[in-house]
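Trainee: after the sequence you'll find the predicted model.
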Amino acid sequence: MTELNPCPLCKGEMVIIERVGGFNVDCKYTNPWECYNDDKEDVCDFTNADLFPTEDEAISDWNSRTLESELRRRIDILNQIIEGLEKELEEKDNEFYDFL
């Protein structure tokens, strides 16, 4: 079987779950009696709600995760904007103190 990419939240192992109507992918650590995330404060309740007719389709979909890739791209753009705003704020702050 193909290896699954890790959980995007807790970086834990993902498992294939057979449900009525198909297969999906869940974080192994969704059961509070089994294990907790790295902080040991809360269980990871991440699940891929999509059902697929075969295990291979569920694995392929999980490992492609185009939504996660798009979100990471947007986060990078937002981080660049934040960095620009922080530099602009610092410049304005310096102008203010030079004025005084």
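Mentor: All right, it came through fine.
Trainee: what about Glu18, neighbour count?
Mentor: Per other CB atoms under 10 Å, the neighbour tally for Glu18 reads 11. (Each C-beta comes from the backbone N, C-alpha and C, glycine too.)
Trainee: ok, Phe52 next?
Mentor: Using other CB under 10 Å, Phe52 is surrounded by 19 other residues.
Trainee: my guess is it contacts Trp62. True?
Mentor: No. Contact between Phe52 and Trp62 fails when scored by CB atoms under 8 Å: they sit 9.2 Å apart.
Trainee: just give the nearest non-adjacent residue to Leu4, would you?
Mentor: Met14 (4.1 Å; CB to CB, 6 or more residues apart in numbering).
Trainee: who touches that neighbour in this structure?
Mentor: Applying CB atoms under 8 Å, 6 or more residues apart in numbering, we find Met14 in contact with 4-7, 25-28, 62.
Trainee: model confidence over the longest helix seen in the chain, on average?
Mentor: Criterion DSSP state H: the longest helix present in the chain is helix 66-99. The average of the pLDDT scores along helix 66-99 is 83.
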